[in-house]
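1. one predicted model, sequence on top.
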Amino acid sequence: MDRNSYWKIMQKYIGSDVTSLVSLPVLICEPMTNLQKMAEIMEYSHLLDRADECEDPYMQMVYASSWAVSVFYAFRRAWKPFNPILGETYEMVNHGGITFIAEQVCHHPPIGAGHAENEHFVYEVTSKIKTKFLGNSVDIYPMGRTCVTLKRKGVVLDLVPPPTKANNLIFGRTWIDNAGEMIMTNVTTGDKVVLYFQPCGWFGANRYEVDGYVYNASEEPKILITGKWNESLSCQPCDKEGEPIPGSELKEVSIINSFFL
């Protein structure tokens, strides 16, 4: 099926959720399932190991949120994975000491549940999304739940990722953009990280840029975080106004698609 024929079929679904009730042509799919793609979140799991080993509670949040941001680089491919059948499982064993297992627990709407663990952390996810088809693009809203437990001190982290948009599904080169807030909350202490993913502007302006802060339980900014979700993130201590503390330096804490510092 060519893209023009695909467009004629999909026109009637504009404004609809296309996750489960619409059969999408195979030309937009990649040869893997959602369960296998869920496992790619472990690609930069060394940042969670670093968070578990960190004594400073705010830097712990920096490393943990850097892991959460790195996921978007791992998921940057624009092709759609296949929906697994109900009860299908995927297992990945001994990936850097990590065991990951996932299962498709619901078919309509498609929902997957995953669990990963090593000596430093336990990761649990319920993968569920809601979509809105807009013609040549689709908005993707995460509706599931992600929870990470750092084993050394029993710290529990709750993650709410930002929305994603897949552009040029039919005409032009398909590409992915993430825009909006990502919130990671330390359920144990009340500290949290709020990062804002800048939407892509004209001619690619601001694409990939991420900025935000680590806040304490009183919602006072403690550490500034800035960078790009496809390259690297850096951090710097800040005052209560969110301004960098004089004399402090911007420190690179993670390099996406490479080794961390």
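-> Looks like it arrived, so ask away.

2. number of nearby residues for the closest residue to Asn83 other than its chain neighbours?
-> With C-beta to C-beta, 6 or more residues apart in numbering as the criterion, Asn83 has its nearest non-adjacent residue at 5.1 Å, and that residue is Pro110. Quick note: C-beta positions are derived from backbone N, CA and C, even for glycine. The local packing of Pro110 (other C-beta atoms under 10 Å) involves 17 other residues.

3. ramachandran angles for Pro110?
-> Taking degrees, to the nearest 10, you get phi -70, psi 120 for the backbone angles of Pro110.

4. go ahead and confirm it touches Leu86.
-> No. Contact criterion C-beta atoms under 8 Å: Pro110 and Leu86 do not qualify, at 9.3 Å.

5. identify the contacts common to the two.
-> By the contact definition C-beta atoms under 8 Å, 6 or more residues apart in numbering, Pro110 and Leu86 are jointly contacted by Gln104.

6. gap between the residue nearest to Asn83 and Asn94?
-> 28 Å (C-beta to C-beta, to the nearest Å).

7. mind saving the C-alpha coords of stretch 198-210 as CSV?
-> Taking Å, rounded to 0.1, in the frame of the first residue of the first chain, the C-alpha atoms of stretch 198-210 are listed here in CSV:
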residue,chain,number,x,y,z
GLN,A,198,10.6,22.4,24.5
PRO,A,199,8.4,22.0,21.5
CYS,A,200,10.1,22.1,18.1
GLY,A,201,9.7,25.5,16.5
TRP,A,202,10.1,26.7,12.9
PHE,A,203,13.3,25.3,11.1
GLY,A,204,13.9,23.0,14.1
ALA,A,205,14.3,25.8,16.7
ASN,A,206,14.5,24.5,20.3
ARG,A,207,14.1,20.9,19.2
TYR,A,208,15.4,18.4,21.8
GLU,A,209,15.9,21.1,24.5
VAL,A,210,15.1,20.2,28.1
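
8. I'm done for today, thanks for sticking with me.
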